[in-house]
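*Asks:* after the sequence you'll find the predicted model.
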Amino acid sequence: MGKTQMMLVTAVETLDEEKVVRLVKMGLQRGVDPLDIIEDVRHGMERVGNLYEQEKYYIADLIMASLIFQRVLTIIPIAQSKKGLKPQVVIGTVEGDIHDIGKNLTAGLLRARGVGVVDLGVDVSPQEFFNALQETGAKILGLSGLLTSSYEVMRKTVSALTDAGLRSEVQIMIGGLVNEDVQQHVGADHWIIDCAKGVELCQQILGMGVNTYTESAVNVI
Ligand code: B12
């Protein structure tokens with residue numbers, strides 16, 4: 001990791017909002033890929049989470065970290081969504097979980113790349129996911145979750161689709177705090193921790209051309 005990148009990760013970790021903003025702007029001016037900058041900020045948030053786990057930070061610090069992330073997104077807004085897109089992806093944060101920053105980012109990038117998204121929001125039950133897939137005929141389901149307890153809800157959601165005979169018609173990707181073991185447990189097709197890769201995968205599944213994101217998916221102001 002480069003020195004400036006390291007400084008950004010540390011600025012997020014220490015919740016130094018003004019320094020984060022300065023470093024993000026500096027990165028953009030130097031032509032750093034906006035999605036790489038977002039990845040660094042995510043990395044810093046992971047560290048905030050670790051400090052919370054070690055009881056060195058409190059819930060207020062988690063809230064502060066999410067506010068810093070939202071501020072960063074005002075500096076790096078995702079391009080305007082294209083209008084009238086056919087729903088191709090159903091996405092949501094699973095029941096019991098309200099972490100939505102990564103999910104919102106993914107939905108925004110998908111729309112910016114011309115992929116129609118039905119975003120069910122947070123705390124979404126297996127039944128609600130099932131209903132949305134049936135109503136829209138979307139072929140991709142994106143489940144987001146950052147709590148350990150979310151894995152079981154993801155598994156139940158996949159089971160509900162299997163029981164209803166819908167599983168083979170839908171590609172399921174999970175995102176958030178996930179890994180291959182979680183994917184296996186849940187019975188999903190893919191696991192993603194970098195939304196840019198998730199968007200690329202959706203485009204591939206849907207048979208769309210894949211371009212670089214920085215050129216058209218993200219507007220820098
Ligand atoms: C910010 C934050 C919060 C904020 C969330 C604000 C919001 N609107 O989302 C608030 C303060 C509300 C919060 C609350 C809680 N939190 Co919290 N939180 C975090 C923190 C620090 C950062 C999460 C984040 O936004 N990261 C930045 C985004 C961009 O990253 P991301 O979500 O991973 O998304 C990326 C990818 O995963 C991907 N992606 C995400 N979703 C999807 C979906 C698809 C389909 C695809 C393709 C890709 C994709 O795209 C993104 C960009 O690449 C994490 C620490 C961590 N390690 O992540 C803890 C963390 C997740 N929280 C934790 C905890 C314990 C809680 C609370 C229980 C605390 C409490 N005692 O109340 C509550 C739970 C509330 C609930 N019921 O959900 C724990 C979970 C531990 C566990 N194993 O279960 C963590 C890991 C902290 C820790 N290390 O202890 N939290």
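*Replies:* Nice, thanks for sending it over.

*Asks:* contacts and neighbour counts: CA atoms only from here.
*Replies:* Will do.

*Asks:* does the helix or strand where residue 6 lies reach the ligand?
*Replies:* Following DSSP states H and E, one finds residue 6 within helix 3-13. No. With Cα under 6 Å from any ligand atom as the threshold, helix 3-13 lies outside contact range of the ligand, at a closest distance of 9.4 Å.

*Asks:* ok, stretch 92-101 next?
*Replies:* Yes. If you take Cα under 6 Å from any ligand atom as the test, stretch 92-101 does meet the ligand, through 96, 97, 98, 99, 100, 101.

*Asks:* for the most centrally placed residue in the chain, what are its contacts?
*Replies:* In the chain, the centroid-proximal residue (Cα atoms, centre = their mean) is residue 102; its distance is 2.9 Å. With contact taken as Cα atoms under 8 Å, 6 or more residues apart in numbering, residue 102 is in contact with 144, 176, 195.

*Asks:* now do 6 Å
*Replies:* For residue 102, no contacting residues are found, by Cα atoms under 6 Å, 6 or more residues apart in numbering.

*Asks:* relative to helix 3-13, how tilted is the helix or strand hosting residue 60?
*Replies:* Residue 60 belongs to helix 59-75 when elements are defined using DSSP H and E. Here helix 59-75 runs at 130 degrees with respect to helix 3-13, directions being taken by axes from the mean of the first three to the mean of the last three Cα atoms, to 10 degrees.

*Asks:* can I get helix 59-75 in CSV, CA atoms only?
*Replies:* As requested, the backbone C-alpha atoms of helix 59-75 are provided in CSV (Å, rounded to 0.1, in the frame of the first residue of the first chain):
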residue,chain,number,x,y,z
ILE,A,59,-21.1,2.6,18.8
ALA,A,60,-20.9,6.4,18.4
ASP,A,61,-17.6,5.8,16.6
LEU,A,62,-19.2,3.3,14.2
ILE,A,63,-21.8,6.0,13.5
MET,A,64,-19.1,8.6,12.9
ALA,A,65,-17.4,6.2,10.5
SER,A,66,-20.6,5.8,8.5
LEU,A,67,-21.0,9.6,8.4
ILE,A,68,-17.5,10.0,7.1
PHE,A,69,-18.2,7.4,4.4
GLN,A,70,-21.4,9.3,3.4
ARG,A,71,-19.4,12.5,3.2
VAL,A,72,-16.8,10.8,0.9
LEU,A,73,-19.6,9.7,-1.4
THR,A,74,-20.7,13.3,-1.8
ILE,A,75,-17.3,14.0,-3.1
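
*Asks:* pLDDT wise, what is residue 62 at?
*Replies:* At residue 62 the predicted local distance difference test score is 95.

*Asks:* what's the pLDDT at residue 114?
*Replies:* Here the pLDDT value assigned to residue 114 is 88.

*Asks:* hmm, the helix holding residue 60 in reach of the ligand?
*Replies:* Yes. Using Cα under 6 Å from any ligand atom, helix 59-75 reaches the ligand at 59, 62, 63, 65, 66.
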